[in-house]
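K.L.:
Fold the stuff below for me.
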Amino acid sequence: MQLSVIIVNYNVKYFLEQCLYSVQKACVNIDSEIIVTDNSSTDGSGEYLKKNFPSVNFIWNNENTGFAKANNLALEKAKGEFILFLNPDTILAEDSIEKSLHFFATHPETGAIGIHMVDGSGKFLKESKRAFPSPLTSLFKLSGLAKLFPRSKTFARYHLGHLSEKENQEVDVLAGAFMMMPGKVLKEIGNFDERFFMYGEDVDLSYRIQKAGYKNYYFAESTIIHFKGESTKRGSLNYVRLFYKAMSLFVKKHYSGSKAGVFTFLIQVAIMIRAFFSALGKLLKIIGLPILDACIILGSFGLTRILWSNYIRQEINYSPNVLFIAFPVFTALFLITAFYSGLYDKGYKQMQLVRSTTIAALVLLSVYALLPESVRFSRGVLITGIMLAFVLMNLMRLLFIKWRYLETSNENEERRQTIVVANEKDYLIIAEMLENAGMTERVLGRVSNETSGASTVLGTIAQLPQLVKKYQLKEIIFCENGLSFKGIINAIQTLPVTTRNKFHASGSNSIIGSDSKNTSGGFIALSKKYNIGMPLQRRNKRTIDISVSLLFILAVPVIVFVKKKIAGFYNNVFAVLTGTKTWVGYANENKELPVIKPSVITSTALPKTLNDLPKGSLQKSDEWYAVGYTAITDLKKIARGFKYLHYQS
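P.N.:
The predicted model follows:
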């Protein structure tokens, strides 16, 4: 057998599905096998993948053993003359494997090769070629200097930024996302070091290959897509911690003496620097927009007061209470209302800003009418300040959207700004997936070189860049039957990086995509869109839980006369109030539905112990509950199931 492809999976079944389709296409003319080691995934990978890929050899671990150990398990079964270690979040071109094998035939000194990789937006991934870590190169990377000087031979040495990405290069380190090598080399140097749980195992293997006298090459004559790995977000503190741990292990294993001590010290310094900026960035991401809104509101009121007292009503002396009571109160009311209306969720909608401002203004004006004369001031100041704040907050968001600091999810803007690159048959399949996800209205049409189904065809594949510009497209869904995998990979590199690209292999049951290596990948599958998984609805659910629990506590004098098992009832009340339980939940376990806490009653308004419907009926009840969830849904079910609220789950 010529080739064994080894993939380690952990909770990325839809990405792996697309990967396997591309691997099978790339291995059409090659005597090969595919081995997948699953590290105890909890996303239903086993049931989903086994039936769709009967020719793939799966190994199912009972625990997450780590990347290195999982690869070694597959190596025990591998029969190929060559071994390809591949990440599950990759898509290969049809010629990637064939060209890679040809490179080995013409370069006998090669110990292993990596490949030219791009992310989901077509942007080159610097980790395609790297140097061995040294104290300074690691310090420059972790401290951010490499990012500031990406082409510097000194500061950007970690990713060899001074070497062209378009030419084959001899390099030190190859990425574990795509690493091909002869089996005889592995037998000579040994398999992956299982002390590396995540990160560093590819660095260690690359080092041992060179130490044995072989050369590592970066191969630029074919390109693959490598999406963001789902396990750890790059740039996060956890990623930095895992990277540091891996580098420390590498140093202890291969370096010695003072060099190892200096390396460890500099890495620790870099970790502290990166940790500070990571924490600061995370904090600003969470509270940055609310803080800006608060500053705009207070500034608007302050400016309005100055203008009012100097130019409009000069005869009135405004009490200091205006600054210390009314203005902060409105600011607090606005922020609370905005938070619960979803204004600070991902994806800005202007109506949320209008709603938050209106509610806060009405509450403040109502409270103002009840204030004593000593703290009252002109309503004109209040109304003008609110209007000015609204205008400035709206202007700020429009600028942030234009500068791409803020993502919009305005329904009118999202409509009809997606096109599908597919033949007519696959276009209809993709349309069904989008319909199930509630996104059919976003599709403007399709792009194809075929003439059938002309009513939905906007243009040919060659016209794709012009169509993106003409219709200001936000998203393109590429189907492998509308264009080859190689054609898709080439196409995304010619499009604006701001275009969201998604990918679908003909015959698969999902659509996947990730805008960059720094953002988590997403998918659309043949499933429904679940309201209960949305941040706004999850907050509403928690608000209902707290409100109803407090109401039951206040209503103790009445409850004691209408509830028989009062102890069990209030045990549930306090469990829901503290967040241990929720009032309404699922009747059946289903890993496909968004996770919610254990519940007192279920989607049928009955406790689990009293549900005697068939399993299929309970699953359908849970699905309807998750798909159509609103706060009113819980209130209705709590009212219907009130007599069962003392049951213990």
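
K.L.:
Leaving out sequence neighbours, find the closest residue to N72.
P.N.:
Take N72 and drop its neighbours on the chain: the residue closest to it by C-beta to C-beta, 6 or more residues apart in numbering is N191, 4.7 Å away. All C-beta spots, glycine's among them, are computed from the backbone N, C-alpha and C.

K.L.:
sec struct for that neighbour, please.
P.N.:
coil (DSSP: H, G, I helix; E, B strand; the rest coil).

K.L.:
So it sits against N71, correct?
P.N.:
Yes - N191 is within contact range of N71, at 7.4 Å (criterion: C-beta atoms under 8 Å).

K.L.:
The two: who's more crowded?
P.N.:
Neighbours per residue (other C-beta atoms under 10 Å) separate N191 from N71, with N71 holding more: 25 against 17.

K.L.:
I'd like the distance between that one and F192.
P.N.:
5 Å (C-beta to C-beta, to the nearest Å).

K.L.:
again with G213
P.N.:
According to C-beta to C-beta, G213 and F192 sit 20 Å apart.

K.L.:
which of those two has more neighbours?
P.N.:
Neighbours per residue, other C-beta under 10 Å: of G213 and F192, the larger number sits with F192, 22 against 9.

K.L.:
so that one makes contact with L205?
P.N.:
Yes - with contact defined as C-beta under 8 Å, F192 reaches L205; the gap is 6.2 Å.

K.L.:
Pull up the overlap in contacts between those two.
P.N.:
Residues touching both F192 and L205 (C-beta atoms under 8 Å, 6 or more residues apart in numbering): there are none.

K.L.:
Only C-alpha atoms, please: export stretch 214-233 in CSV.
P.N.:
These are the backbone C-alpha positions of stretch 214-233, laid out as CSV (Å, rounded to 0.1, in the frame of the first residue of the first chain):
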residue,chain,number,x,y,z
TYR,A,214,16.9,14.1,6.7
LYS,A,215,15.5,17.4,5.4
ASN,A,216,12.1,19.0,6.1
TYR,A,217,10.5,20.8,3.2
TYR,A,218,7.7,23.4,2.8
PHE,A,219,5.8,22.4,-0.4
ALA,A,220,4.3,25.4,-2.2
GLU,A,221,3.0,23.6,-5.4
SER,A,222,-0.4,22.7,-3.9
THR,A,223,-2.7,24.3,-1.4
ILE,A,224,-5.1,23.1,1.2
ILE,A,225,-7.6,24.9,3.5
HIS,A,226,-7.0,24.6,7.2
PHE,A,227,-9.8,26.0,9.3
LYS,A,228,-9.5,27.2,12.9
GLY,A,229,-9.0,24.2,15.3
GLU,A,230,-12.0,23.9,17.7
SER,A,231,-10.1,22.7,20.8
THR,A,232,-8.3,26.0,21.7
LYS,A,233,-8.8,29.5,20.4
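
K.L.:
Distance from the chain centre to that stretch, please.
P.N.:
20 Å (C-alpha atoms, centre = their mean, to the nearest Å).

K.L.:
Then stretch 172-186?
P.N.:
The chain centroid and the centroid of stretch 172-186 are separated by 28 Å, computed with C-alpha atoms, centre = their mean.

K.L.:
What are the boundaries of the strands in the stretch 401-550 of the chain?
P.N.:
Along the stretch 401-550 of the chain, the segments classed as strands by DSSP state E, counting those that start in this stretch run 418-421, 443-447, 457-459, 475-479, 500-504, 510-513, 522-525.

K.L.:
Tabulate those strands in JSON lines, adding columns for distance to V8.
P.N.:
Shown next, in JSON lines, are these (distance: least, C-beta to C-beta, whole Å):
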{"stretch": "strand 418-421", "distance to V8": "30"}
{"stretch": "strand 443-447", "distance to V8": "35"}
{"stretch": "strand 457-459", "distance to V8": "40"}
{"stretch": "strand 475-479", "distance to V8": "26"}
{"stretch": "strand 500-504", "distance to V8": "21"}
{"stretch": "strand 510-513", "distance to V8": "18"}
{"stretch": "strand 522-525", "distance to V8": "19"}
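
K.L.:
can you tell me the helix or strand for A567?
P.N.:
Per DSSP states H and E, A567 falls inside helix 566-577.

K.L.:
From the contact counts, what lies against that helix?
P.N.:
If contacts are counted by 3 or more C-beta pairs under 8 Å, 6 or more residues apart in numbering; DSSP states H and E, helix 566-577 sits against helix 535-554, helix 556-562, strand 599-602.

K.L.:
Tell me what angle that helix forms with helix 535-554.
P.N.:
Helix 566-577 runs at 150 degrees relative to helix 535-554, counting by axes from the mean of the first three to the mean of the last three C-alpha atoms, to 10 degrees.

K.L.:
pLDDT of helix 566-577, averaged?
P.N.:
The average pLDDT for helix 566-577 rounds to 91.

K.L.:
Stretch 476-490: end-to-end distance?
P.N.:
14 Å (C-alpha to C-alpha, to the nearest Å).

K.L.:
lowest-confidence helix or strand of the protein?
P.N.:
Here the helix or strand of the chain ranked lowest by mean pLDDT, DSSP states H and E is helix 411-414, holding a mean of 45.

K.L.:
Counting neighbours, which bits of stretch 604-616 end up buried?
P.N.:
Residues 604-608, 611 are the ones in stretch 604-616 that count as buried (16 or more other C-beta atoms under 10 Å).

K.L.:
pLDDT and distance to A389 added to those residues, as TSV?
P.N.:
Output for these, formatted as TSV (pLDDT from 0 to 100; distance: C-beta to C-beta, whole Å):
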residue	pLDDT	distance to A389
T604	91	47
A605	91	44
L606	92	48
P607	93	48
K608	90	49
N611	88	51
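
K.L.:
Quickly check the residues you listed for the two that are furthest apart.
P.N.:
Farthest pair in these (C-beta to C-beta) is A605 and K608. Separation: 11.9 Å.

K.L.:
returning to that earlier point: how about the contacts made by the residue nearest to N72?
P.N.:
With contact set as C-beta under 8 Å, 6+ apart, N191 has these partners: 71-72, 75.

K.L.:
Looks like T494 contacts V468 (just checking).
P.N.:
No - applying C-beta under 8 Å as the test, T494 and V468 come out as separate, 9.6 Å apart.

K.L.:
what about these two, which has more around it?
P.N.:
Per other C-beta under 10 Å, whichever of T494 and V468 has more neighbours is V468, with 19 against 10.

K.L.:
Quick check: the more buried one touching I492?
P.N.:
No - applying C-beta under 8 Å, one finds V468 not in contact with I492, separated by 11.1 Å.

K.L.:
residues of stretch 613-627 that come out buried?
P.N.:
Per 16+ other C-beta under 10 Å, stretch 613-627 contains these buried residues: 618-619, 621-623, 625-627.

K.L.:
Quick check: mean pLDDT of the helix or strand encompassing F276?
P.N.:
Using DSSP H and E, F276 sits within helix 257-307. For helix 257-307, the mean per-residue pLDDT is 75.

K.L.:
what's the answer for stretch 470-484, then?
P.N.:
Mean predicted confidence for stretch 470-484 is 86.
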